[in-house]
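K.L.:
Please find the sequence and the predicted model below.
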Amino acid sequence: MKIATWNVNSINVRMPQLLDWIERTSPDVICLQETKCVDENFPFQTLNDAGYQTAFFGQKSYNGVAILSKHTINDVQKGFDDDDDEAPKRLIAATINGIRIVNTYIPNGTELWTDKFTFKLDWLQRLRRYFDESCRANDAVLLCGDFNVAMEDLDVWSVPHWEGKLHFSKPERAAMYYVKQWGFVDNYRKMNGDKQEFSWWNYREGAWQRNRGLRIDHIWTSPPLAEKCTDCIIDRSTRGLERPSDHAPVVAEFKL
């Protein structure tokens with residue numbers, strides 16, 4: 001079973017690229033972030049024609065998440081249980097082929113110690129509580145998405161450049177490690193060891209051409225599911241296209 005995560009940075013802008021990528025790679029499940037599309041305008045019919053069921057939780061401008069699947073999508077949850085109607089659309093979960101898949105677009109934070117930064121840290125605390133209350137580490141559980149946090153030194157192109165900055169600050173990493181301590185395994189690191197690759201490159205400053213990126217897109221799983229992982233890659237092919245998303249897909253394969 002092949003499961004992918006991709007921040008498409010607008011599903012409607014990136015739809016031709018998404019359809020081409022689907023045809024080339026044929027994932028069983030695709031988790032999308034930053035769809036930037038309200039539910040009424042979500043292109044579910046186009047994706048259905050491509051062979052995918054859809055579950056989506058949309059929002060105009062920023063945010064918005066979706067799960068596409070060749071298999072039946074069950075038990076869909078949109079957002080945290082205590083979210084109100086005005087809460088950003090950043091989490092969607094579903095059960096597919098016995099795997100509880102939680103797709104997240106974790107808040108960016110804008111700048112350190114602003115209200116939005118505090119919101120990011122609080123949101124990560126809520127994410128940990130979500131797993132404590134609704135999932136078990138000995139079941140098949142998968143957390144994926146745009147985490148907006150680079151976890152390790154290998155996940156940034158330059159530690160001196162990024163030290164103490166947004167996406168690589170100690171508070172963000174500590175909050176993300178607290179989520180990971182629920183029992184998650186980073187499948188990319190499990191399969192690739194100390195290999196240094198990135199999944200996001202700024203549109204500015206020639207970051208893509210100079211390979212000055214961050215690895216902030218992840219697929220983490222519970223230990224039993226991690227044992228079934230046979231590969232995990234970052235597919236850079238989409239980032240070099242014309243008008244690309246600034247993120248590349250991450251793809252993991254599991255022998256179930």
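P.N.:
Thanks, I have the structure now. Quick caveat: nothing in here was measured; it's all calculated off a predicted structure.
K.L.:
and the nearest residue to Asn187 once chain neighbours are set aside, helix, strand or coil?
P.N.:
In space, and not counting its chain neighbours, Asn187 is closest to Cys232: 4.3 Å by Cβ to Cβ, 6 or more residues apart in numbering. For glycine as for every other residue, the C-beta is placed from the backbone atoms N, C-alpha and C. Under DSSP: H, G, I helix; E, B strand; the rest coil, the three-state class of Cys232 is strand.
K.L.:
Surely Cys232 is in contact with Met191?
P.N.:
Yes - using Cβ atoms under 8 Å, Cys232 is in contact with Met191, at 4.4 Å.
K.L.:
who touches both of the two?
P.N.:
Ala252 (Cβ atoms under 8 Å, 6 or more residues apart in numbering).
K.L.:
Can you show me the strands along the stretch 101-250 of the chain?
P.N.:
141-146, 185-186, 200-201, 213-214, 217-221, 229-234, 250-254 (DSSP state E, counting those that start in this stretch).
K.L.:
got the ones you listed as a markdown table, with distance to Thr114, mean pLDDT and mean neighbour count columns?
P.N.:
Converted to a markdown table, these look like this (distance: least, Cβ to Cβ, whole Å; pLDDT from 0 to 100; neighbours: other Cβ atoms under 10 Å):
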| stretch | distance to Thr114 | mean pLDDT | mean neighbour count |
| --- | --- | --- | --- |
| strand 141-146 | 19 | 98 | 26 |
| strand 185-186 | 28 | 98 | 18 |
| strand 200-201 | 21 | 98 | 22 |
| strand 213-214 | 20 | 98 | 23 |
| strand 217-221 | 23 | 98 | 26 |
| strand 229-234 | 30 | 98 | 18 |
| strand 250-254 | 28 | 98 | 23 |
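K.L.:
Make TSV from these and add distance to Pro16 to it.
P.N.:
Below are the strands of the stretch 101-250 of the chain laid out as TSV (distance: least, Cβ to Cβ, whole Å):
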stretch	distance to Pro16
strand 141-146	21
strand 185-186	31
strand 200-201	21
strand 213-214	24
strand 217-221	21
strand 229-234	21
strand 250-254	20
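K.L.:
closest to Leu19 out of those strands?
P.N.:
With Cβ to Cβ as the criterion, Leu19 lies closest to strand 250-254 of these, at 16.4 Å.
K.L.:
helices or strands next to that closest one in the packing?
P.N.:
strand 2-7, helix 187-192, strand 217-221, strand 229-234 (3 or more Cβ pairs under 8 Å, 6 or more residues apart in numbering; DSSP states H and E).
K.L.:
These into JSON lines, with extra columns for distance to Ser26?
P.N.:
Listed next are the helices and strands packed on strand 250-254 as JSON lines, based on distance: least, Cβ to Cβ, whole Å:
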{"stretch": "strand 2-7", "distance to Ser26": "7"}
{"stretch": "helix 187-192", "distance to Ser26": "19"}
{"stretch": "strand 217-221", "distance to Ser26": "17"}
{"stretch": "strand 229-234", "distance to Ser26": "14"}
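K.L.:
of all those, which lies closest to Ala174?
P.N.:
Proximity to Ala174 (Cβ to Cβ) singles out strand 217-221 among those, at 16.3 Å.
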